[in-house]
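Participant: Task: produce atomic coordinates for the following.
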Amino acid sequence: MSFNKILFACYALMAAAFWAPQAQAIPAFARQTGMACDACHYQHFPVLNSFGRAFKEGGFTMIGAEEQITGELGLSIPSTLNAAIEAYSGYTKTNGPTTAATATTKNNNNGQFQALQSASVFFGGRVGEHIGFEAELNIYPTPSGLLNYKMPMVYDVGDAKVGGVIYSTSVYGPSFGLEVMNTGANAVHLFNQFDMPVISAQQYLNTGLPAQGIDLIASNENGFAVLGKWMPDNQSGSGSPSSNYLRLAATPGDLIPGFDFGVGVQLWNGTAASTCNTPGIVGGNCASSPSPFIQSPVSGFTIANGVFDTKASAIDTQLLGNVGGLPLTFIASYARAPSSGAPSGVVNGFQGNIFNPGTATRSSFNLGAELGITSRVTLQAGLRRANSGFAFGSISNATDNALLIGATYKFSLNVRADLSYSKYSGDMYGAASQSIQGANYMGDNLTSLHLIAAF
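Facilitator: Here you go, the predicted structure:
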């Protein structure tokens with residue numbers, strides 16, 4: 001298998017991972033606080049408003065009228081363990097080559113309908129006066145198991161909240177420890193969950209990968225900061241977290257009157273070991289997936305355990321507020337990841353930059369907007385201008401651009417239908433690219449329709 005085919009197979013399979021739904025809102029928190037979902041969310045879940053940011057920065061510890069059990073040494077827990085279920089139903093369709101009518105398996109090019117695409121049970125809330133937790137258990141599809149977990153410990157220091165958080169995640173990367181902006185700095189708060197790399201530069205770099213680590217965190221009404229150590233692995237004996245993560249963001253409430261404004265930077269650097277985890281798959285290992293880059297083995301090529309560079313940077317901004325009496329969410333982001341050389345395939349050897357499996361700098365500039373038309377309906381738009389990092393023929397860094405349009409309809413605050421259409425363009429979708437990708441080519445557009453219910 002040629003080197004270019006390896007790279008493009010990695011790209012196609014990695015891109016497919018982006019279309020898997022991510023966790024969004026947790027009604028368990030509504031039960032704990034006694035507040036409706038829109039107390040914390042703007043327009044619809046999972047986008048956070050300023051109150052939602054404060055609740056999350058406080059470590060999920062705020063409680064409402066729910067009865068508590070209290071005792072010595074700071075015991076203060078809800079009398080009931082608050083839980084919730086989130087379920088997705090969906091249809092996705094890409095326009096690449098379809099499989100034959102007699103094929104025993106189909107892919108997104110044939111169109112995929114799933115009455116139950118995924119389902120998770122969430123637990124979350126107060127552990128003590130200064131300690132909270134969040135946990136997500138995957139129940140479908142199998143294998144079932146713990147997808148995401150974190151426990152923040154947060155204390156008041158003057159007008160700030162300061163503390164730490166320990167976490168493990170299968171899908172959200174090192175920003176899972178604490179992130180409260182809606183730009184895709186962490187995928188959990190994006191307004192469109194079904195083609196995230198169009199509206200978020202960080203998600204284009206695949207920063208939502210398995211990770212575990214520990215963070216120091218600080219926040220107040222004007223911003224937040226995170227300094228952490230992490231590794232790209234959520235279950236194994238890969239040693240101690242040796243990569244670094246830095247997040248600085250300003251959220252000055254009075255800078256633009258009437259608008260919730262935020263701007264921030266992210267920096268990932270260092271090196272770390274990983275033992276064959278797969279984004280979004282519980283219990284992934286070398287037998288089921290040879291690489292953190294991709295969703296399934298590539299024939300004739302195996303990336304096994306290795307040490308990876310973890311190098312990337314991003315800048316992002318958000319603006320939430322009413323325009324002409326209609327609620328608007330606007331986000332912008334730019335991210336880049338340098339090349340550390342293409343995957344070598346050497347077992348237990350250096351594997352390149354985990355955010356960029358190509359040979360040139362991977363970068364993306366993204367815009368996203370969502371406008372509320374009524375209390376139930378929103379319209380969405382997105383734009384991406386990116387360089388993939390992949391080289392082939394005379395093209396040293398293939399372009400990878402996209403446009404997105406979409407709409408949502410709320411049946412209730414916790415049940416919503418999402419419809420979106422993305423059109424892709426650039427070198428990644430030209431004749432030369434299609435020839436190299438072969439059967440892995442997923443086409444130049446994606447249509448998705450999903451029903452999300454959280455209860």
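Participant: hey, which helix or strand in this protein has the poorest pLDDT?
Facilitator: Here the helix or strand of the chain ranked lowest by mean pLDDT, DSSP states H and E is helix 3-18, holding a mean of 42.
Participant: from what I can see Ala83 touches Ser120, true?
Facilitator: No - contact criterion CB atoms under 8 Å: Ala83 and Ser120 do not qualify, at 10.7 Å. All C-beta atoms are positioned from the backbone trio N, CA, C, and that covers glycine.
Participant: Past the least confident helix or strand of the chain, which element shows up next along the chain?
Facilitator: helix 27-33 (DSSP states H and E).
Participant: Retrieve the pLDDT associated with the closest residue to Cys40 other than its chain neighbours.
Facilitator: Distances taken as CB to CB, 6 or more residues apart in numbering put Gly52 closest to Cys40, at 3.3 Å, once the chain neighbours are dropped. Predicted confidence (pLDDT) for Gly52: 83.
Participant: phi, psi of Ala273?
Facilitator: Main-chain torsions, Ala273, degrees, to the nearest 10: phi -90, psi 150.
Participant: what sits opposite it in the beta ladder?
Facilitator: Val307 (DSSP bridges).
Participant: What residues does the residue most central in space within the chain make contact with?
Facilitator: For the chain, Ala187 is the residue whose C-alpha lies nearest the centre (CA atoms, centre = their mean; 2.7 Å). Neighbour list for Ala187: Gln22, Val171, Tyr172, Gln193, Met196, Ser200, Gln203, Gly208 [criterion: CB atoms under 8 Å, 6 or more residues apart in numbering].
Participant: With Thr251 instead?
Facilitator: Ser50, Arg53, Val180, Met181, Glu221, Asn222, Gly223, Phe224, Asp260, Phe261, Gly262.
Participant: that's a helix at the residue nearest to Cys40, yeah?
Facilitator: Yes - counting by DSSP: H, G, I helix; E, B strand; the rest coil, Gly52 is part of a helix.
Participant: so how far is Ile405 from it?
Facilitator: 26 Å (CB to CB, to the nearest Å).
Participant: burial count for the closest residue to His189 other than its chain neighbours?
Facilitator: Closest residue to His189 apart from its sequence neighbours, by CB to CB, 6+ apart: Asn182 at 4.6 Å. Using other CB atoms under 10 Å, Asn182 has 32 other residues around it.
Participant: Repeat that for Ile256.
Facilitator: Ile256: 11 surrounding residues under other CB under 10 Å.
Participant: the more surrounded of Gly52 and Ile405?
Facilitator: A side-by-side neighbour count of Gly52 and Ile405, using other CB under 10 Å, places Gly52 first with 23 against 13.
Participant: Next, work out how far apart the more buried one and Tyr42 are.
Facilitator: Relative to Tyr42, and taking CB to CB, Gly52 is found at 8 Å.
Participant: can you give me the strands for the stretch 1-150 of the chain?
Facilitator: Along the stretch 1-150 of the chain, counting by DSSP state E, counting those that start in this stretch, strands occupy 68-70, 76-78, 83-94, 112-128, 131-140, 145-157.
Participant: For those, give me a markdown table that also has mean neighbour count and distance to Arg31.
Facilitator: Below are the strands of the stretch 1-150 of the chain laid out as a markdown table (neighbours: other CB atoms under 10 Å; distance: least, CB to CB, whole Å):
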| stretch | mean neighbour count | distance to Arg31 |
| --- | --- | --- |
| strand 68-70 | 11 | 13 |
| strand 76-78 | 17 | 8 |
| strand 83-94 | 19 | 8 |
| strand 112-128 | 18 | 8 |
| strand 131-140 | 20 | 14 |
| strand 145-157 | 18 | 19 |
